[in-house]
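Participant: Give me the fold of what follows.
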Amino acid sequence: MIRTQKYIIYFLIVTSYFLLVSGCKDKVKPGTAEVKRQVVTGVTLAEVHPSQVDEYYETSGTVKAKTISIVASRVMGTVTSVKVKEGDRVHAGQVLMTIDDRDIVQRVKAAEKAVEAAKQNKSLSDITYQRYKNLYDEKAISQQEIDQIETQKKVSDMEYERAMAMLAEAQVNHGFTRITAPISGIITEKKIELGSMAIPGIPILTVEDNSYFRIEANVDERLSGKLKRGMPVDVIIDSIGKQVKGRISEIVPAIDPMSRTFLIKVDLKMPSLKTGIYGKVLIPEGKKESILIPQKAIVEKGQLVGVYVVDNKGITTYRLIKTGKKYGEQIEILSGLSSGEKIIVGGVEKAVDGGIIK
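Facilitator: All right, here's what the predicted structure looks like:
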């Protein structure tokens, strides 16, 4: 038994020796290994350098039509017709809907009758006054009698004017039964339907003038003394991917004590916008030195943002960077790159981390 165990131990020692010797044959000396790198071709390189760029204060706001008219009825009554729907384009003075006018029509007729009666009474008073005036000139009647007739004439004149005013009021009220567009634009909201009761002062339609828009944004109080009306600013509308020029048209002088900001309104000449769109306002504050690279050089890998940097040996390395503001087709680099380094700006889809450019 003991002899068998010796043979087994001897066999294991010999086997371990041969494995050790065979493993050592494949080792190489330090510093002599060659790394095989993938060759990268068809790319464009550029050397990065700092440059002077505009420094902006950035805030956000909401785009609104410059003129938004809330339409409400001036009289109470049942809606008898609705001639528009949301999205329709209308012109100023166009009839949008009508309200039951039967009671007001009767008031107009009554006022017209009152005017006719007052006119007849005025005519009679004029004739009577002229007759008594002739008698007074002939010394046939007393001063008191002519004064009485003259007063009756004045009263009839005032009654006629009062009747005319009541007729005009009735006609104006009748006109209120035809609700018209106060401005030219687009119907953006309709809050009433055929047969519903229109109540004075309750909004029923919204009309927006979509020829001009503006964006309203809150600005930090430190800029309260620096902004002026007419000052140019840049506005970025991310939803449509456009950057437009605007001018500050209004500055609200009151500062909100909670947010420490004040409101500005920037006019935009861009009819393709819509009320409610989110936008960014860039207010120029001066110049600064910064590194800019083309946005097409940026490579995103999941949540990582980086660029391919090329060293003196042509080896590419994917390096993480932190980006800042956009300047047209270029983007600011806050960290990750230094002046004089080379990056791949064209054909980035062909680049690989650890590759070599030949």
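Participant: Can you verify Asn312 is assigned to a helix?
Facilitator: No: under DSSP: H, G, I helix; E, B strand; the rest coil, Asn312 falls outside any helix and is assigned coil.
Participant: which of the residues in stretch 154-168 are buried?
Facilitator: Neighbour-count burial for stretch 154-168 flags 156, 159-160, 163, 166-167 (criterion: 16 or more other CB atoms under 10 Å). For glycine as for every other residue, the C-beta is placed from the backbone atoms N, C-alpha and C.
Participant: Which one of those is nearest to Thr80?
Facilitator: Thr80 lies nearest to Leu167 out of the buried residues of stretch 154-168, by CB to CB, at 23.8 Å.
Participant: Now do the same contact list for that closest one.
Facilitator: When contacts are counted by CB atoms under 8 Å, 6 or more residues apart in numbering, Leu167 touches 108, 111-112, 114-115.
Participant: Could you rerun that using 6 Å?
Facilitator: 111-112, 115 (CB atoms under 6 Å, 6 or more residues apart in numbering).
Participant: got it, and Leu282?
Facilitator: For Leu282, the set of contacting residues under the criterion of CB under 6 Å, 6+ apart consists of 56, 58, 234.
Participant: And these, which of them are buried?
Facilitator: 56, 234.
Participant: Rebuild the contacts of Leu282 as JSON lines, extending it with pLDDT and secondary structure.
Facilitator: Output for the contacts of Leu282, formatted as JSON lines (pLDDT from 0 to 100; DSSP: H, G, I helix; E, B strand; the rest coil):
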{"residue": "Tyr56", "pLDDT": "85", "secondary structure": "strand"}
{"residue": "Glu58", "pLDDT": "90", "secondary structure": "strand"}
{"residue": "Asp234", "pLDDT": "90", "secondary structure": "strand"}
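Participant: Tell me the one of the contacts of Leu282 nearest Tyr129?
Facilitator: Compare each of those with Tyr129 using CB to CB and the shortest gap goes to Asp234, at 76.1 Å.
Participant: That closest one: what's it in contact with?
Facilitator: Applying CB under 6 Å, 6+ apart to Asp234 gives the contacts 243, 282.
Participant: returning to what we had before: just send the buried residues of stretch 154-168 back as a markdown table, with pLDDT too.
Facilitator: Shown next, in a markdown table, are the buried residues of stretch 154-168 (pLDDT from 0 to 100):
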| residue | pLDDT |
| --- | --- |
| Ser156 | 92 |
| Glu159 | 94 |
| Tyr160 | 94 |
| Ala163 | 95 |
| Met166 | 95 |
| Leu167 | 95 |
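Participant: Please narrow these to those residing in helices.
Facilitator: In helices, defined here by DSSP state H, the members of the buried residues of stretch 154-168 are 156, 159-160, 163, 166-167.
Participant: Find the residue ranges of this structure scoring beneath the pLDDT cut-off.
Facilitator: Within the chain, the stretches falling below the threshold (pLDDT under 70) are 1-35.
Participant: Which segments of it make up each domain?
Facilitator: When the chain is parsed with automatic domain parsing, its domains come out as 39-53+289-357, 59-66+209-286, 73-186.
Participant: Export those to a markdown table and append columns for distance to Ile199.
Facilitator: A markdown table is the format used below for those (distance: least, CB to CB, whole Å):
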| stretch | distance to Ile199 |
| --- | --- |
| domain 39-53+289-357 | 50 |
| domain 59-66+209-286 | 25 |
| domain 73-186 | 6 |
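Participant: and of the ones you listed, who's closest to Gly201?
Facilitator: Proximity to Gly201 (CB to CB) singles out domain 73-186 among the domains of the chain, at 8.0 Å.
Participant: Need phi/psi at Glu341.
Facilitator: Listed backbone geometry of Glu341 is phi -80, psi 150, with angles given as degrees, to the nearest 10.
Participant: what number of residues lie near it?
Facilitator: The number of residues packed around Glu341, counting by other CB atoms under 10 Å, is 17.
Participant: Against Ile356, how distant is it?
Facilitator: Taken as CB to CB, to the nearest Å, the spacing of Glu341 relative to Ile356 amounts to 17 Å.
Participant: Please apply the same query to Ile264.
Facilitator: Distance of Ile264 to Ile356, given as CB to CB: 53 Å.
Participant: ok, now Pro294?
Facilitator: When CB to CB is applied, the distance between Pro294 and Ile356 equals 23 Å.
Participant: Likewise for Val39?
Facilitator: When CB to CB is the yardstick, Val39 and Ile356 sit 6 Å from each other.
Participant: Settle it for me: which of these two has more neighbours?
Facilitator: Summary of the neighbour comparison: Val39 and Ile356, criterion other CB under 10 Å, with Ile356 having more neighbours (17 against 10).
Participant: got the contact list for Gly328?
Facilitator: Applying CB under 6 Å, 6+ apart, no residues contact Gly328.
Participant: Which residue ranges of the stretch 151-300 of the chain form strands?
Facilitator: For the stretch 151-300 of the chain, the strands defined by DSSP state E, counting those that start in this stretch occupy 178-180, 185-190, 197-198, 203-220, 232-237, 242-251, 261-268, 278-294, 299-301.
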